[in-house]
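Engineer: structure here, sequence nowhere to be found:
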Ligand SMILES: Cc1ncc(C[n+]2csc(CCOP(=O)(O)OP(=O)(O)O)c2C)c(N)n1
Ligand SMILES: [Mg+2]
């Protein structure tokens, strides 16, 4: 991987800003949504898609097909992963982050911007909580902390059989609470999966409130290091820091980049608000968010 | 009898009937503890948490460990409640429920919200098999409540059950259909009729009430039983009526395998009764996300499908148009934190 000049950093920052704007518009139009996730992970996703992952061209239509059925033997309904090309693979484990991913796919030209009007619409594949037919999705991971194991399996298969391409995963800090996450950490280092890079969006948030008030999960870097991983910790809103950390590989070790993020980054008007996990904007809040983020893009419908 | 069917057209709702009554019920019962998996307010345990902080435990999003913890607390003489989205209350920690709770027959209460296709959260959040997998477990009692009144009275009804209980229900704004408490093992007779007997449970009772009411107006002698105790399935009134019926139509917001329809099939076959059975339920398919009305229609469990099953049962057309049954039962979600 070539570590690029700095003008890409500005590009990624701009993309991340527009991801927030787009997410805000969709949540305002839908009377709520997973806005904080899009805000907190915008730079991680933009850096992954613009700079880090070697994906190859999308073969998915710019306007995704409507839902055509759940997978059946002989007729698997996989369409989400075709948006990620055919080289590296990307697993978005916390599937409720879908909106942020859809908006990022728009930013990197893999989806048309008009499709965001379809998020959570009946018959659309762009579900509120993504499934494997949703653009950009590899698996159906809304029951959290399952996708990392699948990523480990794919990385293991590629490594054992000498296949190229890196496996990337984005996981959330709530998922750190699930035992399965630690089973996956354990297996990945046991098999020396240096073709696996995991980005952790440590936004400090979960449904009941702040993670620190729900369950003691820290110190994450030390714990995962003790599991035999190559761990770094960065400001998750700094594209350069994210890219540098995610580009430093250690032979024989899987990599974890702990991205410390703010779920209301760039949206100071939401400061002090209870209930950030799923946000229904109250009277006046949309106006305040427009002030924070600049004019939200208009609906295409 | 038909009078009982009427209120369904102009529904009154109650907000958080379960959460409020759960806190109330726990006031005098100091052995009740409540354990959550990061879905405290989402599953109406916030009133309990605020009133009895010393009896509330937040175990984080870690359901398998959580269920083991319930077992340990029950072994200490407590009665643990675990309210969650039903998929996370039942499927994720299934093995732990089977061996740590059901096998030793511990008095644990699993309360599952987002039943069946009532959530846009997609296949990962739609509990289409929870009744089946909980019913499979020896020692487990399985209940699905049909309205706010049942949500408020179910805890009294299960008080004396010494083993584990799984209760499935709606959250937030819940319709009021009934004015008498839920009785364990007793169905509600909502209409008596000899042309066809409809058996419904959960949210589908509201729909069945509308369909049966229309059918009766159209001269069909249709009966309706609302079933809340799904396991054990041994209410003598129900068995007797099923044995006598020409055709039974079962209506459930669940896979057709392993729920109400399956229970009826079993008693009919083992009784050698020869009653014809038509099942309205999700037919051996996984599901996807969307609005409730869209999903019920897509997966064949909307009111028009119940109406079609009634027509099939009696062998003639009764309803003038399919549009007679355009859905009236939008879920009322303003009372819940997230749009699920
Ligand atoms: C196995 C499982 N348990 C519970 C849930 C319900 N749930 C959805 S998101 C969430 C919080 C998880 O934490 P995180 O992903 O860090 O939340 P966020 O930062 O988006 O608020 C929970 C408990 C779930 N989806 N899957
Ligand atoms: Mg989080």
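Structural biologist: Thanks, I have it. Treat the numbers as computed from the prediction; the structure is a model and nothing was measured. Ligands and ions are numbered 1, 2, ... in the order given.

Engineer: enumerate the residues of the stretch 51-200 of chain B near chain A.
Structural biologist: B:58-65, B:87-88, B:91-92, B:120-125 (C-beta under 8 Å from any C-beta of the partner chain). Where C-beta positions appear, they are placed from N, C-alpha and C, glycine not excepted.

Engineer: what subset of those residues is also close to ligand 1?
Structural biologist: B:61, B:63, B:88, B:92 (C-beta under 6 Å from any ligand atom).

Engineer: which residues does the spatially most central residue of chain B contact?
Structural biologist: In chain B, the residue lying closest to the centroid (C-alpha atoms, centre = their mean) is residue B:144, at 2.8 Å. Residues in contact with residue B:144 (C-beta atoms under 8 Å, 6 or more residues apart in numbering or on different chains) are B:115, B:131, B:167, B:168, B:169, B:201, B:202, B:227, B:228, B:230.

Engineer: now the fifth one: how far from ligand 1?
Structural biologist: With distances defined as C-beta to the nearest ligand atom, to the nearest Å, the gap from residue B:169 to ligand 1 amounts to 18 Å.

Engineer: and the helix or strand hosting residue B:134, what does it pack against?
Structural biologist: According to DSSP states H and E, residue B:134 maps onto helix B:130-135. On a contact count with 3 or more C-beta pairs under 8 Å, 6 or more residues apart in numbering or on different chains; DSSP states H and E, helix B:130-135 meets strand B:141-144, strand B:165-168, strand B:229-231, strand B:247-255, helix B:260-271.

Engineer: what are the buried residues along the very next helix or strand once past the shortest one?
Structural biologist: Right, the one you point to is strand B:229-231. Using DSSP H and E, the helix or strand that follows strand B:229-231 in sequence is helix B:236-244. By neighbour count on 16 or more other C-beta atoms under 10 Å in any protein chain shown, the buried set for helix B:236-244 is B:238, B:239, B:241, B:242.

Engineer: can you tell me the closest non-neighbouring residue to the second one?
Structural biologist: Yep, that's residue B:239 we're talking about. residue B:267 (6.0 Å; C-beta to C-beta, 6 or more residues apart in numbering or on different chains).

Engineer: wait, doesn't that neighbour sit right on residue B:242?
Structural biologist: Yes: contact criterion C-beta atoms under 8 Å: residue B:267 and residue B:242 qualify, at 6.4 Å.

Engineer: residue A:118 reaches residue A:128, doesn't it?
Structural biologist: No: assessed by C-beta under 8 Å, residue A:118 is found out of contact with residue A:128, at 11.2 Å.

Engineer: neighbour count winner among the two?
Structural biologist: Neighbour count, other C-beta atoms under 10 Å in any protein chain shown: between residue A:118 and residue A:128, residue A:128 has more, with 29 against 20.

Engineer: residue boundaries of the helices in the chain?
Structural biologist: Here I'm looking at chain A. A:7-29, A:35-47, A:98-107, A:147-160, A:179-190, A:211-214, A:220-226, A:239-246, A:285-293 (DSSP state H).

Engineer: hm, I was asking about chain B
Structural biologist: B:17-27, B:46-51, B:63-75, B:86, B:94-96, B:130-135, B:148-158, B:204-217, B:236-244, B:260-271, B:292-298, B:303-314.

Engineer: got JSON lines for these, with distance to ligand 2 and mean pLDDT too?
Structural biologist: Below are the helices of chain B laid out as JSON lines (distance: least, C-beta to the ion, whole Å; pLDDT from 0 to 100):
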{"stretch": "helix B:17-27", "distance to ligand 2": "25", "mean pLDDT": "98"}
{"stretch": "helix B:46-51", "distance to ligand 2": "20", "mean pLDDT": "98"}
{"stretch": "helix B:63-75", "distance to ligand 2": "17", "mean pLDDT": "98"}
{"stretch": "helix B:86", "distance to ligand 2": "23", "mean pLDDT": "98"}
{"stretch": "helix B:94-96", "distance to ligand 2": "24", "mean pLDDT": "98"}
{"stretch": "helix B:130-135", "distance to ligand 2": "26", "mean pLDDT": "98"}
{"stretch": "helix B:148-158", "distance to ligand 2": "31", "mean pLDDT": "98"}
{"stretch": "helix B:204-217", "distance to ligand 2": "36", "mean pLDDT": "96"}
{"stretch": "helix B:236-244", "distance to ligand 2": "47", "mean pLDDT": "98"}
{"stretch": "helix B:260-271", "distance to ligand 2": "38", "mean pLDDT": "98"}
{"stretch": "helix B:292-298", "distance to ligand 2": "28", "mean pLDDT": "97"}
{"stretch": "helix B:303-314", "distance to ligand 2": "40", "mean pLDDT": "97"}
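
Engineer: hey, which of the ones you listed is tucked in deepest?
Structural biologist: For these, the largest average neighbour count (mean count of other C-beta atoms under 10 Å in any protein chain shown) is found in helix B:86, namely a mean of 30.

Engineer: residue A:232: neighbour count?
Structural biologist: With other C-beta under 10 Å as criterion, residue A:232 counts 18.

Engineer: pick out the residue of the stretch 151-300 of chain B closest to ligand 1.
Structural biologist: Taking C-beta to the nearest ligand atom, ligand 1 has its nearest neighbour within the stretch 151-300 of chain B at residue B:289, 12.9 Å off.

Engineer: residues in contact with that residue?
Structural biologist: Contacts of residue B:289 by C-beta under 8 Å, 6+ apart are A:120, A:127-129, A:131, B:119-123, B:125-126, B:295.

Engineer: kindly report the domain assignment for chain B.
Structural biologist: With automatic domain parsing as the criterion, the domains of chain B are listed as B:13-175, B:188-337.

Engineer: off-centre distance for the longest one?
Structural biologist: Right, domain B:13-175. 13 Å (C-alpha atoms, centre = their mean, to the nearest Å).

Engineer: how close does the residue of the stretch 1-150 of chain B found nearest ligand 1 sit to chain A?
Structural biologist: Residue nearest to ligand 1 within the stretch 1-150 of chain B (C-beta to the nearest ligand atom): residue B:38, separated by 3.7 Å. Counting by C-beta to the nearest C-beta, to the nearest Å, the separation of residue B:38 from chain A is 5 Å.

Engineer: equivalent analysis for residue B:152, please.
Structural biologist: For residue B:152 relative to chain A (C-beta to the nearest C-beta), the value is 25 Å.

Engineer: can you pull the residues of the stretch 1-150 of chain B lying near ligand 1?
Structural biologist: For the stretch 1-150 of chain B, the contact set with ligand 1 under C-beta under 6 Å from any ligand atom comprises B:37, B:38, B:39, B:61, B:63, B:88, B:92.

Engineer: tell me the pLDDT at the closest residue to residue B:46 other than its chain neighbours?
Structural biologist: In space, and not counting its chain neighbours, residue B:46 is closest to residue B:40: 5.6 Å by C-beta to C-beta, 6+ apart. With respect to pLDDT, residue B:40 scores 98.

Engineer: which positions in chain A make contact with ligand 2?
Structural biologist: A:172, A:173, A:174, A:203, A:205 (C-beta under 5 Å from the ion).

Engineer: how about 8 Å then?
Structural biologist: A:37, A:40, A:94, A:172-174, A:201-206, A:211, A:263 (C-beta under 8 Å from the ion).

Engineer: in TSV: those, plus neighbour count and distance to ligand 1.
Structural biologist: Below are the residues of chain A next to ligand 2 laid out as TSV (neighbours: other C-beta atoms under 10 Å in any protein chain shown; distance: C-beta to the nearest ligand atom, whole Å):
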residue	neighbour count	distance to ligand 1
A:37	27	5
A:40	28	7
A:94	24	4
A:172	26	3
A:173	23	5
A:174	27	2
A:201	28	7
A:202	24	8
A:203	26	5
A:204	19	8
A:205	23	4
A:206	25	4
A:211	23	7
A:263	21	6
